[in-house]
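Student: Can you look at this prediction? I've put the sequence above it.
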Amino acid sequence: MATMTTSGAVILKAGANVSSSLTTEYDDWILMAESAINSLTRYNWTDAYAGLNADVQKVLDDAASCYAAMYAINYDMSGYTSRTEAETMLDLLRDMFNRLIKQLEEIKHQDFITGA
(Lines give C-alpha, C1' and ligand atoms only; values in the text may rest on other atoms or scores of the structure.)
Protein backbone atom coordinates (compact mmCIF):
# COMPACT_ATOMS: atom_id res chain seq x y z
CA MET A 1 0.00 0.00 0.00
CA ALA A 2 1.24 3.47 -0.90
CA THR A 3 2.44 5.64 1.97
CA MET A 4 3.94 8.87 0.67
CA THR A 5 1.39 10.08 -1.87
CA THR A 6 -1.95 9.36 -3.54
CA SER A 7 -3.05 8.56 -7.06
CA GLY A 8 -4.85 11.93 -7.10
CA ALA A 9 -1.57 13.76 -6.56
CA VAL A 10 0.05 11.71 -9.32
CA ILE A 11 -2.76 12.53 -11.76
CA LEU A 12 -2.45 16.26 -10.97
CA LYS A 13 1.29 16.15 -11.66
CA ALA A 14 0.86 14.15 -14.88
CA GLY A 15 -1.52 16.82 -16.16
CA ALA A 16 -4.90 17.00 -17.84
CA ASN A 17 -3.77 14.98 -20.85
CA VAL A 18 -2.70 11.87 -18.93
CA SER A 19 -4.34 8.67 -20.20
CA SER A 20 -7.80 8.11 -18.78
CA SER A 21 -7.37 4.35 -19.25
CA LEU A 22 -5.05 4.14 -16.25
CA THR A 23 -6.76 2.54 -13.26
CA THR A 24 -4.70 0.33 -10.97
CA GLU A 25 -1.23 1.22 -12.23
CA TYR A 26 -0.89 4.23 -9.93
CA ASP A 27 -0.44 2.17 -6.76
CA ASP A 28 2.38 0.15 -8.32
CA TRP A 29 4.08 3.30 -9.60
CA ILE A 30 3.80 4.98 -6.22
CA LEU A 31 5.38 1.95 -4.53
CA MET A 32 8.20 2.01 -7.11
CA ALA A 33 8.67 5.73 -6.47
CA GLU A 34 8.83 5.18 -2.72
CA SER A 35 11.41 2.43 -3.16
CA ALA A 36 13.49 4.68 -5.41
CA ILE A 37 13.37 7.54 -2.88
CA ASN A 38 14.42 5.20 -0.06
CA SER A 39 17.25 3.77 -2.15
CA LEU A 40 18.53 7.09 -3.51
CA THR A 41 18.59 8.73 -0.08
CA ARG A 42 19.77 5.60 1.77
CA TYR A 43 17.02 6.03 4.34
CA ASN A 44 13.74 4.16 4.72
CA TRP A 45 11.31 7.07 4.70
CA THR A 46 8.38 4.71 4.20
CA ASP A 47 8.88 3.05 7.59
CA ALA A 48 9.52 6.39 9.31
CA TYR A 49 6.70 8.26 7.54
CA ALA A 50 4.09 8.19 10.34
CA GLY A 51 6.53 9.81 12.78
CA LEU A 52 7.64 12.61 10.45
CA ASN A 53 6.35 16.14 10.69
CA ALA A 54 4.02 17.58 8.05
CA ASP A 55 6.80 19.54 6.29
CA VAL A 56 8.86 16.42 5.66
CA GLN A 57 5.79 14.44 4.62
CA LYS A 58 4.98 17.09 1.99
CA VAL A 59 8.52 16.92 0.56
CA LEU A 60 8.14 13.13 0.28
CA ASP A 61 4.65 13.50 -1.22
CA ASP A 62 6.00 15.92 -3.80
CA ALA A 63 8.91 13.63 -4.73
CA ALA A 64 6.86 10.43 -4.89
CA SER A 65 4.08 12.02 -6.95
CA CYS A 66 6.63 13.46 -9.42
CA TYR A 67 8.26 10.09 -9.92
CA ALA A 68 4.99 8.20 -10.27
CA ALA A 69 3.66 10.85 -12.69
CA MET A 70 6.68 10.20 -14.91
CA TYR A 71 5.63 6.54 -15.07
CA ALA A 72 2.08 7.59 -15.99
CA ILE A 73 3.25 9.84 -18.81
CA ASN A 74 5.67 7.24 -20.14
CA TYR A 75 2.94 4.61 -20.04
CA ASP A 76 0.83 6.37 -22.67
CA MET A 77 1.72 9.68 -24.30
CA SER A 78 -1.17 9.59 -26.78
CA GLY A 79 -3.34 12.02 -24.81
CA TYR A 80 -0.83 14.85 -25.01
CA THR A 81 -1.04 17.30 -27.89
CA SER A 82 2.41 16.20 -29.04
CA ARG A 83 5.29 14.03 -27.96
CA THR A 84 7.16 17.26 -27.24
CA GLU A 85 4.49 18.27 -24.73
CA ALA A 86 4.78 14.89 -22.96
CA GLU A 87 8.58 15.07 -22.96
CA THR A 88 8.48 18.61 -21.57
CA MET A 89 6.24 17.36 -18.75
CA LEU A 90 8.75 14.57 -18.10
CA ASP A 91 11.64 17.07 -18.04
CA LEU A 92 9.86 19.29 -15.52
CA LEU A 93 8.93 16.37 -13.28
CA ARG A 94 12.46 14.94 -13.45
CA ASP A 95 13.97 18.29 -12.48
CA MET A 96 11.56 18.67 -9.56
CA PHE A 97 12.23 15.10 -8.41
CA ASN A 98 16.02 15.55 -8.57
CA ARG A 99 15.80 18.80 -6.55
CA LEU A 100 13.69 17.10 -3.88
CA ILE A 101 15.99 14.06 -3.68
CA LYS A 102 18.94 16.41 -3.25
CA GLN A 103 17.16 18.02 -0.28
CA LEU A 104 16.44 14.64 1.29
CA GLU A 105 19.93 13.20 0.84
CA GLU A 106 22.05 16.15 1.99
CA ILE A 107 23.13 15.70 5.57
CA LYS A 108 22.38 19.29 6.58
CA HIS A 109 18.79 18.79 5.42
CA GLN A 110 18.59 15.39 7.11
CA ASP A 111 19.73 16.99 10.38
CA PHE A 112 16.94 19.53 10.04
CA ILE A 113 14.43 16.84 9.13
CA THR A 114 15.26 14.51 11.98
CA GLY A 115 15.43 17.40 14.44
CA ALA A 116 12.15 18.96 13.31
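Tutor: Perfect, thanks for sending it. Numbering: from 1, shown residues only.

Student: Now for Asp61: which residues touch it?
Tutor: Listed by Cβ atoms under 8 Å, 6 or more residues apart in numbering, the contact partners of Asp61 are 4-5, 9. Heads up, the C-betas are built off the backbone N, CA and C, glycines and all.

Student: Settle this for me: Ala2 is touching Leu31, isn't it.
Tutor: Yes: shown here, Ala2 and Leu31 form a contact pair, counting by Cβ atoms under 8 Å, at 6.1 Å.

Student: just the contacts of Asp61 now: which is nearest Ala72?
Tutor: Nearest to Ala72, judged by Cβ to Cβ, of the contacts of Asp61 is Ala9 at 11.3 Å.

Student: residues contacting that closest one?
Tutor: So Ala9 contacts 61, 65 (Cβ under 8 Å, 6+ apart).

Student: Quickly note the distance from it to Thr81.
Tutor: With distances taken as Cβ to Cβ, to the nearest Å, Ala9 is found 23 Å from Thr81.

Student: Ala68 now?
Tutor: Distance check for Ala68 against Thr81: by Cβ to Cβ, it reads 22 Å.
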